[in-house]
Every structure is written in C-alpha cells, then in structure tokens.
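Trainee: Predicted model and sequence follow; I will ask about them next.
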Amino acid sequence: MKVVKFGGSSLADGEHFAQAIKIITADPQRRVVVTSAPGKRDPHDIKVTDLLITYAKQVLAHESTTTTVNQIIDRYTAIAAYFNVPADKLNPLIDRLKALPTWHYPNDNYLMATFKAHGERLNANLMAIILQQLGYEARFITPEDAGIRVTGTPNNATVAPETYALLDRFNFNHSELLIFPGFYGITMAGHIATFSRGGSDITGAILARGLHADLYENFTDVDAIYVANPAVVNNPQPIAKMTFREMRELSYAGFSVFHDEALIPAIQGNVPINVKNTQHPEKPGTLIVPDKGFQPADIVTGVVSGKHFAAIYLHKYLLNKEAGFTLRILNILARHNVSYEHMPSGIDDITIILDKNQIDDELVDVICNEIQAEINPDQLEWIDNYAITMVVGEGMRNRTGVINDILEPLTKENIPVPIINQGASRISIMIGTYDQDADRAVQAIYHRFFAN
Ligand SMILES: Nc1ncnc2c1ncn2[C@@H]1O[C@H](COP(=O)(O)OP(=O)(O)O)[C@@H](O)[C@H]1O
Ligand SMILES: N[C@@H](CC(=O)OP(=O)(O)O)C(=O)O
C-alpha cells in the first residue's frame with residue numbers, strides 16, 4: 001500500500017486536480033491520499049493558506065472579510081466547476097468557511113490554527129467529492145476521525161505517540177480510497193492545531209507509518225530533489241537516492257521541498273519516501289531510504305544554505321575550567337523559550353548559533369543583559385548576519401580531505417568562513433559564512449564537487 005501526498009502546487013486548480021487524480025487511480029497500491037491547500041497558480045498568486053491567515057487576522061481585527069472570503073471561495077469554486085460538481089455538494093464547504101468566525105476558540109492562536117487548517121480540510125473534502133462523482137469509492141477522513149493527536153502550540157504542533165495506537169485501530173478497508181487533509185491534528189482537548197508551515201508532508205509521513213505503508217510518495221513541482229536549490233544553482237544535478245539521515249539534515253538546513261519533521265515518522269516506521277513530480281510521474285524522482293546498507297554514489301549528496309541565523313559570541317578566560325558554564329547560558333535561553341542550533345567552542349570562547357526567527361530585538365537585549373549579569377564574560381557580542389551552509393553526504397564519512405575540498409573553493413572566491421563545525425554524525429559539515437556570501441558559497445562548493 002502507498003500513501004500519496006500532493007503539495008499545494010500540485011492542487012492549485014482543476015487541471016492540476018485532474019492530473020493528481022490520474023496519478024492516484026493509475027496504481028491500485030495508492031490507497032491513502034493526503035492533500036495540501038491549493039497553492040500558487042502562477043508566481044504572483046496567493047496560496048489559500050495565506051488567504052486564510054489574512055481572513056483570520058481580519059476577523060481578529062474586526063475588519064471586513066468579504067473580499068478575502070470571496071477570494072478563497074473562488075479557488076474552490078473554480079476547481080469544482082472544472083469537474084461540474086453540483087452546487088449542493090460544494091455549498092456545505094462554503095458555509096463552513098463562512099461560519100469559522102462564529103466558532104468558539106480557547107484563544108486567538110487556536111482561531112488562527114483552525115482557519116489555516118481549513119485550506120487542506122476543504123481541499124480533501126472536495127477531492128473526495130470529485131473522486132466519488134467520477135465513480136471511485138473514496139472517503140473523506142479527518143484527523144478527528146482517524147485519531148491524529150497532537151501536542152505543543154496551536155500553530156507549531158507535534159504528533160502525539162497515541163496517534164499510532166489510534167491509527168492501528170482505524171478501520172481501513174483497502175478497496176476504498178481514503179482522502180485526508182494534511183497539515184493539522186487534534187489536541188487532547190479536541191481543538192485543531194497545525195504543524196509548522198509546509199506541514200502536510202508530516203501528515204503524509206504519520207499516515208505512512210501509522211497505516212503501515214510500503215512507500216510514501218510525495219508529489220511536488222520538481223522532477224527530483226537536487227544537489228542544491230535550483231533557485232541558487234543553475235540546473236543542478238538530481239539526487240537519485242539518499243538516506244533518511246541525509247534528507248533530515250538537508251531539509252532542516254533549507255531544502256524546503258520536504259519538511260524536516262516529516263522524516264521522523266518515516267524513519268520510525270521504516271517507510272521509504274519517493275519525491276516525484278506531479279507533471280512527470282513517469283520520472284523516477286528521488287528515493288529516500290533507510291541508512292542501513294546504503295552505498296553512497298557521491299562524496300557529497302547535497303549542499304544548502306540558510307540565511308536566518310544569528311550568534312551570541314562569548315569570551316572568558318578559563319571558561320573551560322568553570323563547571324556548569326554552558327548550562328547557565330542555556331538556562332537563560334531556556335527561560336525565554338529559545339533553542340540553539342550549533343555551539344562551537346574553544347578554550348576561552350563559545351559561539352551559540354540561534355535561529356533568528358524565534359527572537360526579536362527586544363528579546364536579544366533581555367538575553368544579552370541576563371548573560372552579562374549572570375555570567376560576567378570578558379567579551380559578549382551579538383552577531384546578526386550569519387548564514388549556515390551545510391554540506392551533507394554519507395560518502396563524506398571516513399573520508400580524508402573533504403574539508404579541504406570544501407574550503408578551497410571558498411578561499412578562491414574570497415568568502416570568509418568565521419565558523420566551521422563538523423557534525424557528530426560525520427555525514428555533515430557546517431560552514432558559517434555571512435549572509436551576503438551564502439549563495440556564492442553554495443555555488444562554489446557545488447561546482448567543486450559536481451563540475452562535470
Ligand atoms: N534542493 C532542492 N531540490 C528541489 N527543490 C528544491 C530544493 N530546494 C528548494 N526547493 C524548492 O522546493 C519547491 C517544492 O516545495 P514546495 O513549494 O513546498 O512544494 P509543494 O507545493 O509540492 O509542497 C521547489 O519548487 C523548489 O523551488
Ligand atoms: N498549506 C500549508 C501546508 C503545506 O504543506 O503546504 P504545501 O504542500 O503547499 O507546502 C502551507 O502552506 O504551509
């Protein structure tokens with residue numbers, strides 16, 4: 001059995017829906033379908049999820065919602081019209097969308113999550129209606145029905161382990177197609193909470209593990225996952241096969257084509273993932289497989305840069321002799337609910353690299369003041385413009401000279417490298433550069449390893 005997930009770009013309009021349906025029905029193994037919300041039809045279009053965020057904000061600000069609601073309705077109406085879906089089938093979906101402001105929410109964050117989740121919920125419902133109209137045995141299933149339980153915050157939830165016990169008990173007759181909305185689950189108190197953006201990939205992986213799929217097919221708008229982001233490197237090489245561990249490192253570092261958290265259920269359930277192009281399903285795409293017995297084809301599998309990092313640099317003599325020093329800094333960060341990404345250190349120095357998205361200017365001041373007061377370092381600096389380039393590959397393990405091959409092209413390009421950190425996993429090397437050099441660093445490393 002295969003779980004198939006279609007990204008927003010693959011369900012943007014009626015024509016894309018028809019192509020997705022062609023794929024679903026071409027293979028009897030494809031039994032479980034996960035939908036995203038309709039994505040952009042062209043580069044200037046707005047994703048339905050973003051329209052829903054605007055709708056929620058307008059409700060919270062007591063502003064008029066008419067234009068936004070009509071824009072959202074138009075997206076679903078256009079898809080329904082493509083398949084001649086009668087109005088009485090679509091009207092309950094529209095009524096639900098319009099009624100969202102009248103529901104009760106524990107707070108504004110839950111309201112936002114519920115509005116956002118409806119992009120996928122309405123799309124899955126519509127997909128089931130269309131499949132039924134075309135004569136297929138299809139059932140629309142919600143996370144409530146199946147038992148996708150989540151914990152955490154309403155707009156950044158994580159799957160709760162009991163989900164898998166509930167999915168095991170879920171009555172799944174393999175003769176029918178199950179159509180699930182991606183992106184959200186239900187909290188213990190019964191409220192809707194979404195995963196982070198791009199999180200429909202996570203729903204697909206949860207279902208692949210929970211329903212014991214043999215393969216998780218993730219349909220998107222590129223032929224494969226490439227060695228580097230095609231927006232940064234011209235015409236990069238596709239990756240035919242890689243390990244879960246490689247993909248987790250690459251997606252965490254910025255390969256937005258597949259959500260990094262979606263790797264975890266697939267790893268736990270040992271379900272391989274095939275990322276494929278909806279417009280070219282005949283192409284092999286990229287296969288992501290367990291690490292065991294994997295034979296890497298190249299030294300480097302992928303190279304990626306993220307530009308949203310900052311760092312706290314601390315210098316204090318005899319720092320390494322002071323027991324609990326690092327713990328005290330991390331406690332300060334934890335008090336403000338800030339996590340760190342990397343922490344390279346020397347005998348008298350430590351650099352703590354943070355994701356800037358979780359911190360604003362006010363919080364930077366508060367944290368630095370607390371560090372100064374509690375730790376009393378000789379030097380404390382906030383560095384605001386770090387980019388992290390990750391070079392990842394199972395083929396790098398136990399190989400000498402790789403670091404030289406990575407740094408040499410950067411030196412040639414005059415790119416300063418203030419930080420290097422070789423991951424404990426030995427399949428990744430982190431190169432810290434400044435924001436403005438990040439893309440050139442990826443291009444230089446890519447060309448060094450894949451020039452021919
Ligand atoms: N290394 C990479 N290989 C392929 N695509 C990448 C890579 N890095 C970033 N991307 C981007 O990811 C996009 C697909 O992800 P996304 O827009 O989330 O698709 P979907 O709508 O199917 O969920 C591609 O169009 C591409 O721009
Ligand atoms: N629709 C949600 C979830 C998602 O996974 O979307 P997409 O498949 O278009 O990346 C978002 O925009 O974040």
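Mentor: Arrived safely. Numbers count the residues shown, from 1 in each chain. Ligands and ions are numbered 1, 2, ... in the order given.
Trainee: Output the lowest mean pLDDT helix or strand found in the chain.
Mentor: strand 419-422 (a mean of 86; mean pLDDT, DSSP states H and E).
Trainee: What average pLDDT does stretch 77-92 get?
Mentor: Averaged over stretch 77-92, pLDDT sits at 96.
Trainee: and the gap between the residue of the chain found nearest ligand 2 and ligand 1?
Mentor: Per Cβ to the nearest ligand atom, G8 is where the chain lies closest to ligand 2, at 2.6 Å. For every residue, glycine as well, the C-beta is placed using N, CA and C. Using Cβ to the nearest ligand atom, to the nearest Å, G8 is found at 4 Å from ligand 1.
Trainee: Please identify the residues of this structure in proximity to ligand 2?
Mentor: 7-8, 36-37, 39, 47, 49, 119, 182-183, 197-201 (Cβ under 6 Å from any ligand atom).
Trainee: hmm, 8 Å instead?
Mentor: By Cβ under 8 Å from any ligand atom, the residues of the chain that approach ligand 2 are 5-9, 36-37, 39, 47-50, 116, 119-120, 182-183, 194-201, 220, 256, 259.
Trainee: Now restrict those residues to buried residues only.
Mentor: Among the residues of the chain next to ligand 2, the ones that count as buried by 16 or more other Cβ atoms under 10 Å are 5-9, 36-37, 39, 47-50, 116, 119-120, 182-183, 194-201, 220, 259.
Trainee: Please give me every residue in contact with the most centrally placed residue in the chain.
Mentor: Among the residues of the chain, H259 comes closest to the average C-alpha position under Cα atoms, centre = their mean, at 2.5 Å. Residues near H259 by Cβ atoms under 8 Å, 6 or more residues apart in numbering: 195-196, 198-199, 201-202, 251.
Trainee: Excluding chain neighbours, give the residue nearest to A266 in space.
Mentor: A205 (4.7 Å; Cβ to Cβ, 6 or more residues apart in numbering).
Trainee: That neighbour: what secondary structure?
Mentor: helix (DSSP: H, G, I helix; E, B strand; the rest coil).
Trainee: Wait, it touches Y216, no?
Mentor: Yes: counting by Cβ atoms under 8 Å, Y216 is a contact partner of A205 at 6.1 Å.
Trainee: Please enumerate the shared neighbours of those two.
Mentor: Shared contacts of A205 and Y216, counting by Cβ under 8 Å, 6+ apart, come down to 266, 271, 273.
Trainee: and the second one, helix, strand or coil?
Mentor: So that's V271. At V271, secondary structure determined by three-state DSSP is coil.
Trainee: For the closest residue to it other than its chain neighbours, pull up the helix or strand it's in.
Mentor: Closest residue in space to V271, ignoring its immediate chain neighbours: A208 at 4.4 Å, by Cβ to Cβ, 6+ apart. A208 is located in helix 200-210, with elements delineated by DSSP states H and E.
Trainee: who does that helix touch, helix- and strand-wise?
Mentor: If contacts are counted by 3 or more Cβ pairs under 8 Å, 6 or more residues apart in numbering; DSSP states H and E, helix 200-210 sits against strand 2-6, strand 30-35, helix 162-169, strand 177-181, strand 215-220, helix 263-269.
Trainee: Can you confirm whether the last one lies near ligand 1?
Mentor: No: counting by Cβ under 8 Å from any ligand atom, ligand 1 is not contacted by helix 263-269; separation bottoms out at 14.7 Å.
Trainee: can you check the fourth one too?
Mentor: No: against ligand 1, strand 177-181 shows no contacts by Cβ under 8 Å from any ligand atom, the least distance being 14.0 Å.
Trainee: and V364, what is it in contact with?
Mentor: V364 touches 310, 382, counting by Cβ under 8 Å, 6+ apart.
Trainee: ditto for E15
Mentor: If you count contacts by Cβ under 8 Å, 6+ apart, then E15 has Y82 around it.
Trainee: and what of M396?
Mentor: Contacts of M396 (Cβ under 8 Å, 6+ apart): 299-300, 402, 426-429.
Trainee: Inside strands: which ones of those residues?
Mentor: Those of the contacts of M396 mapping onto strands are 428-429, per DSSP state E.
Trainee: Narrow the contacts of M396 to those that are buried.
Mentor: Buried by 16+ other Cβ under 10 Å: 299-300, 402, 427-429, out of the contacts of M396.
Trainee: and the two most separated of these?
Mentor: I299 and S428 (12.5 Å; Cβ to Cβ).
Trainee: Look up the closest residue to the residue in the chain positioned nearest to ligand 1, ignoring the ones flanking it.
Mentor: Relative to ligand 1, the nearest point of the chain is G7 (1.8 Å; Cβ to the nearest ligand atom). Counting by Cβ to Cβ, 6+ apart, G7 lies nearest to T220, which is 4.6 Å off, once chain neighbours are set aside.
Trainee: That neighbour bridge partners, please.
Mentor: Per DSSP bridges, the residues bridged to T220 are N277.
Trainee: what's near enough to touch it?
Mentor: Shown in contact with T220 (Cβ under 8 Å, 6+ apart): 7, 9-10, 257, 275-278.
Trainee: Quick one: check the longest helix along the chain for contact with ligand 1.
Mentor: The longest helix of the chain (DSSP state H) is helix 108-133. No: using Cβ under 8 Å from any ligand atom, helix 108-133 stays clear of ligand 1, coming no nearer than 11.3 Å.
Trainee: Need the residues that contact the following helix or strand past that helix.
Mentor: Where DSSP H and E defines the elements, the next helix or strand beyond helix 108-133 is strand 138-140. When contacts are defined by Cβ under 8 Å, 6+ apart, strand 138-140 is touched by residues 124-125, 127-129, 131-132, 176-179.
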